Structures are given as structure tokens and as C-alpha cells.
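Student: how would this look folded up:
(2 chains)
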Amino acid sequence: MSYLELRDISKVYGEGAAEVHALQRIDLSVDTGSLVAVMGASGSGKSTLLTIAGSLEDPTSGEVYLGGRPLSSLSRNGKARLRRQSIGYVFQDYNLLAGLSAVENVSLPLELDGVAARKAQAAALESLEDFGLKDRASSYPDQLSGGERQRVAIARAVVGNRQLLLADEPSGALDSTNAEAVMRLILAACRRGMAAVVVTHDAQLASWADRVVFLRDGRVVDQTVPVDSPETVLADLPNQ
Amino acid sequence: MSVGVLERPATGSASEPTTGGVPARRAMIRWAWRLFKREWRQQLLILLLVIVAVAAVVVGAAVATNTPPPANAGYGMADDLATYANSGKHPINLNLVTAQSAALEYRFGAVQVIENESFNVPGSSQTYDLRSQDPHGPYGGPMIQLLSGHYPTGPNQIALTPGLASELNLRVGDTWSSQGGKTVVGIVQNPQSLLDEFALVLPGQVTHPSTVDVLFDAPGVNAGRIGSNVSTPGSLNNNPINPETIVLALATVGMLLIALVSIGGFTVLAQRRLRALGMLESMGATDRNVRLVLEANGVIVGTVGAVVGFGLGLVAWLAYRPHNEQNAHHLIPMFALPWKVIVPAMVLAVIATFFAAGHPARAITRVPVVGALAGRPAPPRQIHRSFVPGVIALAIGFVFFSLSGAGSEGSGVIWLIPGFVALIAGIILVAPFFLAVLARAGRKSPIAVRLALRDLSRYRARSGSALSAISVGVLIAVVICAVAVARYSNVYDYVGPNLASNELAVWSPSGQNGNGQGPNGTTSAIPSIESQEASVHSIASAVGATDVVELDNPAPSVGLQNPSASGRQWNGQIYVATPALLRAYGINPSSIPSDVDVLSSRPGLSGSGVQLTYGGSGKGGGQLVGPGSGGGGGPGPGNTNTCSPEGCIAHPVVQEESQLPTGTDAPNTVVTESALHRLQLASQSSLDGWIIQANSPITSAQILNAQTVAATNNLSIESKNDAPTSAEIVNWATVFAIALALGILAMSIGLIRSETASELRTLTATGASSRTRRSLTAATAGGLAFLGALLGTVAAYVGLAGWFHSNSLEGGVSDIIDHIPWSNLFLIVIAMPVVAAIVGWVLAGRDPTGISTRPME
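Tutor: Numbering: from 1, shown residues only, chains lettered A, B, ... in the order given. Below you'll find the predicted structure:
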């Protein structure tokens, strides 16, 4: 059953001579529990696809369905609530909030949704423990390594009852070991019931996905299902 | 390592599902506080502004409100005071005082009687009071304080003030023979007046009081209904324009300027945090949540600044308080702070920073989430959206100023407040338009200038606020300059310092400025003219003066009047232009044509249409003190003063003589002897006093000595007062405007240029030299300063035109047009921008490592 569905999505930036067709008539569906990787050259529309799927941007035409509900029917505040409750984002440069500790960063989406600070932080602590970061919970972002920051970012994206994880080059700033660890975490989240879309340049990391979608000039040019097991640099395979 | 998708805990506030309720707000405020702790250095400028402003308010308000005598001075703890005093040669009727005191006690309860008898300090012109007062009386406690020894407990005991004890060379334990051999048992003072020199005795010890004060409380009863000699502290000090309201008004304007300057700083902060705020929105934060982060930051800055500023101000006040007590001549409690001013000022500081932070906060929420995540700022608003409302606001300001001018006897002053608010709002709203105009005007200028002016327009979120702040500062200064010049230029109601610093006026007790009394305040005979002249020449030689000018009043009196009954009326004394007076001021009597009636140093009097009145009661003329009084009758039809031929000359010949002094109490306008002869008034004149002119400014010690000498013949000494000259007011206002504008530019230019840092890097990469860098900064500073000065000046004259247009006391709009302070406006509008550009050029010479850092990190 697909949780995310993009139907005939187009996105145009600018007007007249400056008009840019970032996406052209894209159809894509992501099932609950599955991981979809999106690959393509720079400017192919990967990030635009992700922002439209996550309600950060509206498409010029077409419709996005999340859990069967069209996003166009939601108000600005309604979309904000949807993001708080259902969507988790992971960015290449982590985007942790300076000034907040790791546990506070993770608990923030819950607090934004009205969960009392104590309960939210307890849930965040539990999430960090799952990611092996319990002892770093009170550390601030600038006291964490790159890999730790991205793990905190993923913990923040999955905390609560989220159904969709959107990751834009989540391993772009990491070495291969940390990059693979990040992919394992995302895959593990999928196996627990989340739908995930990961934008990446790295074919090796894309091989972890259930399906790989190729974009070129804003169009889907190919979709494949990786046949082989993913290449791994780590000793153990992800929990499944 | 395993990963679990955790279940969402239940929300705490089911009633606010879309905003996150209190937990979300708490999280945003927590983050804002953490950011403030991390990034307070980047907000140091705003923080310092608030700290200095609040500290200045604390010290300024404390000094302003504590320097005047306490509101209850002379009343102690009582709410009512009945005063009895000698009337001329008639002593106080003590039986009446006793009866009325008893009646007051019967009606209102406890009373306290304080009797004073005035004496000369032996061998000195100084006086002191022998005072009978119960130190433990029900009301007089705040008026007496024991410094050493004890209060008198018997009829042979007395306590002295420190000054009196020093003058008499007496200490505790000594016997004072002059007061019946009383023993000095204590040193006391009046905390409410340290100049109050007295000797304290038990009640009933003063036999011939010159004044008797009866203190009592009559709650809910109008003092005037009890008796004409009854007053209350409130009835003496109910003027709404008091030091507290003035300081509060200044604090309000100051906080407004801080808010305008702070907008730029908060905009930079918001830009730095743009990606973090975008991340917050991507997590589901609402616009309200995002705004709250920035607004909470503003409140935190304002609160911290206000608290630290208060602390700093308090320390400064405690350090200055002893000096203030010396200047004010009364004791000031340590924490006698005007909370009614300080608390609102602190609240204003928080409100100012809240609104300053709220402005960029609203702009940030207009940025699309994706744009925020990429660090792209919001595009500027369309200019026309604010220009039209700005012009309307300026027009409203004109109307309010007109209403203010139309009010009679100062009743319209209240309209000045909305008038200034409207003008300031107008400035803020039209500022972006003029930035765009400046950019268009600079289209054909060299590249660096063109780029700088265009950037001012492109990034008007912060350049607009800086421009507004400069304009508001200039607005205030130009209003002060224009009003001062127009007011001081009024030839009828002449204002300014009374005398020059090298002049002393000595008034005869028989003259108009004398007190009509004999030596030492007694009612004995007035000393002879010869005796008075001897004292005057003694004073003159003591101050090293060679010129002593006798001032004679024509008798019957002569006056001048404004033909218009609704305009300002003549104010000033007219003396006789005796040959001695003319000679003293270097005027050759033969240079005065025989048909000249009046000589004056007041510029413009000759062409003002002034009328000469004469004759006093005998001819229906006399000196005017108000519209239509004397001078041959009241105002005639058509709002003009009448000028009947039997007591008035409609077109006297007035000759302007710049050699005559310009002080308001000096002989700035004199009537010629030939005119008196023509008017048949030459037979009499009366001595009013003398003007003594020294070669150098007269010192305070010389003035004190002159007062002592003068007191022997009951002459009165008048020296230069503290009233400022027109030039002083205008020049200080100009300095204020220039300093404020340059200060705002110093704080703003870095912020404005930092937004274009990437362009600067590109320019440097394409080979631009430091000259280009200097030109950019100089053009930014000069352009902003020029536009701010111009806009502030125009707004000031819009308001003034409204005020002068409707104010019947002034001469209409032409009055300010005729008296434009060109040189000061040149300094503000032309010289100040040039200085700003030069300073910008000089300071922009260093390598731009700091400025080239992108504001977004």
C-alpha cells in the first residue's frame, strides 16, 4: 500500500525567458515500509521532488497524496501539522539547531506538536538510545562529530509516529563508513514501517534501496530494483 | 544497534492541535534564550544602546525630579499649611493666629505651629530665623534633623544649623550671648532646605514672629475654602509639564530611535538564522512559532538591557547623589528614584526591542521554506505600498500641529504628541521610496557609487530603518532650531539672557525692579540716592568696571506696542537715552537725527510697525503689559490694538543701534530725550538702577561680594542668568543632530554593507581596489546621511508650517520662512553627509575580511 503518491507533478520556476521546468509530469509512489532512492545529475530535480513530496513547496500542477490525503486540501498550518506528525527530514548538512542539545533537538518536533517538554525529552532520549547516542544526549551540535550529528538528525526525523522519512543527500558530508551507517539506520526505520525517499549521488548507497528512480531534466527516465545485496564496508548487516 | 520508530506521546494541549500550544511556545522561547546566550556578542550593539538609554533615563530622571525642592517642602508630613506673615509695617496679629489655630485644631484635629523671627547675623548682611518648633511635633518631622548633640529641652537651650554655627563660631556647649545667653545644645538642619539657616528653640520662645506656619491635615477639604492663606503641596505643583513627563517624553523618543536602529541589527540576526528557521518550519513549526523565536529574542535583549541599564544607572545615581544634594540644597534619600518614569522607560525598552525584532520576524515568515533552507532572503516589498500611507501620515502630522498651534495659552500642546507620532510614522513609511529615488538619481554615477546607492534601495529592510532613525533625529533638531530662531527673532516679546556675562545690574529699592524696602528687609527709610551711588561705585570698582550706566525710567512711562492684538505683545523696559547712557555704549548723540523717537538693538523693530504709547494715567497711555492694555485703550475692532492720538504714536521713528546691549534686562531699547521733549514728558524721570560693565566676565565670588555690599543699602544685584542665547540653542541642536546621525551611521553602515559582502568579494575578484571599497562605504554613508537629513528637515518644516499657520501668537508661516537657520541647515544637510562620507572613506580602508564573511553561516 503506497503511503506517498505523486501524480502528474510538474514544477516551473520563473517566468517567460527565465522559466525553468524543474519537474515534468512525475508519477511516483512509495509504499509503507519501503525505501526509494532518487538519483540523477545536478539540476535534474531531485531536491525539488523531495520538497514537493514533503509539503515544503507546492507543485505547479499535479497532486501529492500522503496517506491517501491530497496536500492541496491542507492549509499552511495544516501542512505544518502534517510535517510535525508525519514527515521527518534529513539534510546533507544536518541542520541541527545550534543552542539546543542533542536530546532537545530530537524532542523539538514533539514539543512543537504540543507534547509536554518532559514527555518529549523522555521519548527523544529513548530514540537517541536506539541510535547509540544516549551518552551524547546533552551534547550540543558543535560538540558532536559529523556522523553523530547525522544520527541525531535521523533520530529527530523518526521520533514520534512518523510515516515518511525524506532524506536529501544524508551521507553527502560523511565518510564511507558513516555514510553506510546512516543508510543502515534509514533502512532500519523503513523496516519498522516508515516509507522513505533518499536523494543521493552515490550508486553504492542507492543499492540499499528497494527501488531506485533516475531523474534527468525533471523527468523520470528509469526505475530499477537492485538485484544484488548492498556492498558493505561494515562488519554486520543492518537489522531487518 | 537497533532502530525503533517510537510511538508519539500524548499531546498536552488537545485544544491547540495546530499550533502546539504552550509546549511549543516554551520550546521556542527556550531556543531563543539559548541563542541569546550563544550569540549575545552579535547583539552587543543593541544591548549597549538599551543599557545606555535606560541608565541615562535612571540618572536623568533622578536628577531632574530630585533637584527641585521636595513637593512637601515647608509642609513636613502635613497636607495643609496656613501661613501668617508680617504685612508691611503691620506685625502679625498673634491673637488671631492663636484663635485660628484653635479653630483648625477643633475642626481637623492635630495642628503644629512653627514660628519664625528674622534676625541679622551680627556683623553680616546674612539673616537667620529664630525658630520655635517642636521637633517631635505631629507634622514637622521631615523639616528638622539632628546632626549632633540634642534638641533644646529648656528655655535656655538652643540648637543651630551648621552654617549659622560656623558664621557665629559656636559649637555644642558654647553660650550664645546674642540670644539671651542660651546654651548651644545641638546642631540641626532642615533636610528639605540646606540653605535654611535657623536657630531652634522650644515652642513659645519666639516673641515677635515675622512668619507663623500652622501645619494640619484637612482631608477632602479644598484649601482655598479654609482660607486664602491656606495651601497644599498639590495645589502648588500640578503642572503636567514637569521634569517627570519631560524625561519620560525624552525616553520615549530615545527608545523609538533605538527601535529604529535595532531593526537593522535584528534583521542581520534573522538572516544569519534563516536556514535554522527554515529547518524549524520543515519540522512543522508554524509562522507564529517562527516569529516567536525572533520576538522572544527581542524581548530578552530588551529585558537584559533594561535590567543591566537600571543597575548601571542606579550605581551612577548613588555616586552622583551627594553632588546633587549640594546643588539642590536639600537632602535626597538614597532610593528616591522616580519609579513612575523608570519603570515605564524599562518597559518601553522591552517594547522597543520587541517591535524591532518583530519587523524582520514578519519578513522571515514570508520567505518560502525552501528559500529559507537555502538561505535566500525575502524579496523587498513594493515601495508604493508604504509611500502613499507615508504622505498621508505627514499630512495628518500637519493637521495635528495646526491643532496644537490653534490652542490658546498652551492648551494645544497635547496635540504635539500625536503630531510628532504622525510625522515619525510618515518618515518611516516614505523612507523606502526616497531610497529608491536616490538609487535612480545615481544611475549615471561611477560604478562604486551607483552600486552603493542601488544596494541601499535593494536592502532597504535595514537601510530604511537607519534612514528613519537619522531623519527622526534631524526632525527633532530642526524643529528646535527653527522654533528657537523664530521665537528669539520676535522683536516684541524679546527672550534671551538678561545680561551679558560682564554686566551686573544694580537695582534701586525705589525703582521698578527694587523691593521698596530699607536695609535688611526692614521697613525703614529708603537710602538716599547718594548713598546708593556710593555702594554702586564700590561694587563697580570691586569688579574692575569702569562703566557705570544709570538707568532712568521716563515718567510718566513710555511703552511700545504691537499693532496686532493677537500677536506677541511688547515685553521689556524702556529707559531714557541719556547722554551718559549713549556715551557708555559708544553712541555719538550727534549721530541720532532729531526726529528719532526710539533706539533699539532688537533687529527688525524699525520695520515691524511698532507703535509708541506714552502718558501713563494722565493721558490714557502707559506701558503695555498685555494685549490692549494701556496705550490709549484696549484692542480695537479687527483684532488690532488701538492707537489713539492723545496717547500713542502710530509710526514712531525707530533707529536700530547695534551698540546697545542685547540682554533682556539691559537697556536694549531706549526712548530719546528729543522724543520725550516732543511728548512733553521730559520734565520727569525716575531712577531705576545702574548697569555695571566690567572688562571681563564677572565671577561668582565677585557677585557674592557685590550682593553683600548691595545689601547694606538694600540694593538688588542681578547678574547674568542661565537662559541660553538663540545661538546656543540652535548650535547645540545642530550638534545633537549631527552627532546622532553620525552615531546611527556608525552603527548601521557595517550592517548594511555586510549584506552585500558577496558582491564585494566578486568586485575584489574582478580587480576592484581598496579605492572601490572606500567609495562604496563613503557613498553608502554619505547617501544615507544626506537623505536622512533632507527627509528629517522636510518633515520638520511640514509640522512647523502647520503650527505657525494656526498660531495667532506667531507671525504665520512667513515667520519661519523669514527666519530659516540657513547656516545650521547647511551644516546638517550638506556638511554632515560630507563628513559621513569622508569618515566612511577613511575607515573602509582596511582589508574586508570581516565584512566579506557571509551573514548566513
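Student: Now do the contacts for B:Leu740.
Tutor: B:Leu740 makes contacts with B:Leu257, B:Ile470, B:Gly473, B:Val474, B:Ala477, as judged by Cβ atoms under 8 Å, 6 or more residues apart in numbering or on different chains. The way it works is simple: take the backbone N, C-alpha and C, and place the C-beta from them, glycine included.
Student: same thing with B:Thr772?
Tutor: Residues near B:Thr772 by Cβ under 8 Å, 6+ apart: B:Ile447, B:Ala448, B:Leu763.
Student: B:Arg171 too?
Tutor: When contacts are counted by Cβ under 8 Å, 6+ apart, B:Arg171 touches B:Ala165, B:Val184.
Student: per-residue confidence for it?
Tutor: For B:Arg171, the pLDDT comes out at 90.
Student: Write a ChimeraX command that selects only the buried members of the contacts of B:Thr772.
Tutor: A single ChimeraX command selects the buried members of those (16 or more other Cβ atoms under 10 Å in any protein chain shown):
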select /B:448,763
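Student: from the contacts of B:Thr772, which has minimum pLDDT?
Tutor: Lowest confidence among the contacts of B:Thr772: B:Leu763, with 73.
Student: Please, which helix or strand holds that residue?
Tutor: Using DSSP states H and E, B:Leu763 sits within helix B:757-765.
Student: how distant is the helix or strand immediately after that helix in the chain from the center of its chain?
Tutor: Per DSSP H and E, helix B:757-765 leads on to helix B:770-806 as the next helix or strand towards the C-terminus. On the basis of Cα atoms, centre = their mean, to the nearest Å, helix B:770-806 is displaced by 25 Å from the centre of the chain it belongs to.
Student: Quick check: the farthest pair among the contacts of B:Leu740?
Tutor: B:Leu257 and B:Ala477 (12.2 Å; Cβ to Cβ).
Student: So between these two, which is more surrounded?
Tutor: Between B:Leu257 and B:Ala477, B:Ala477 has the larger neighbour count (other Cβ atoms under 10 Å in any protein chain shown), namely 27 against 23.
Student: Just the mean pLDDT for the helix or strand where A:Tyr89 lies, thanks.
Tutor: Assigned by DSSP H and E, A:Tyr89 falls within strand A:87-91. Across strand A:87-91, pLDDT averages out at 89.
Student: Direction included, what does that strand pair against?
Tutor: strand A:164-168 (parallel) (DSSP bridges).
Student: List the residues that contact the residue most central in space within chain A.
Tutor: In chain A, the residue lying closest to the centroid (Cα atoms, centre = their mean) is A:Leu166, at 1.7 Å. Applying Cβ under 8 Å, 6+ apart to A:Leu166 gives the contacts A:Leu50, A:Ala53, A:Gly54, A:Ile87, A:Gly88, A:Tyr89, A:Val90, A:Ala196, A:Val197.
Student: ok, now with 10 Å
Tutor: A:4, A:30, A:49-51, A:53-56, A:83, A:87-91, A:157, A:195-199, B:282 (Cβ atoms under 10 Å, 6 or more residues apart in numbering or on different chains).
Student: how far away is it from B:Leu260?
Tutor: Counting by Cβ to Cβ, to the nearest Å, the gap from A:Leu166 to B:Leu260 is 42 Å.
Student: Count residues in the vicinity of B:Pro233, would you?
Tutor: 17.
Student: thought it was touching B:Pro142?
Tutor: No: between B:Pro233 and B:Pro142 there is no contact under Cβ atoms under 10 Å: 11.6 Å.
Student: Write out the residues of the stretch 351-500 of chain B neighbouring chain A.
Tutor: Neighbours of chain A within the stretch 351-500 of chain B, by Cβ under 10 Å from any Cβ of the partner chain: B:Thr365, B:Pro368, B:Val369, B:Val370, B:Gly371, B:Ala372, B:Leu373, B:Ala374.
Student: my read: the fourth one touches B:Ser282, true?
Tutor: Read that as B:Val370. Yes: between B:Val370 and B:Ser282 there is a contact at 8.9 Å, judged by Cβ under 10 Å.
Student: Where is the longest helix in the chain?
Tutor: Answering for chain A, as no chain was given. In chain A, assigned by DSSP state H, the helix with the most residues is helix A:176-191.
Student: try chain B instead
Tutor: Assignment by DSSP H gives helix B:287-328 as the longest helix of chain B.
Student: tell me what it is packed against?
Tutor: Other helices and strands packing on helix B:287-328, by 3 or more Cβ pairs under 10 Å, 6 or more residues apart in numbering or on different chains; DSSP states H and E, are helix A:76-86, helix B:21-39, helix B:44-66, helix B:243-272, helix B:274-282, helix B:339-365.
Student: contacting residues for the closest residue to chain B within chain A?
Tutor: Shortest chain A-to-chain B distance, computed as Cβ to the nearest Cβ: residue-wise this is A:Arg84, at 2.8 Å. With contact set as Cβ under 10 Å, 6+ apart, A:Arg84 has these partners: A:108-115, A:160, A:162, B:8, B:17-18, B:20, B:24, B:283-286.
Student: Alright, I will stop here.
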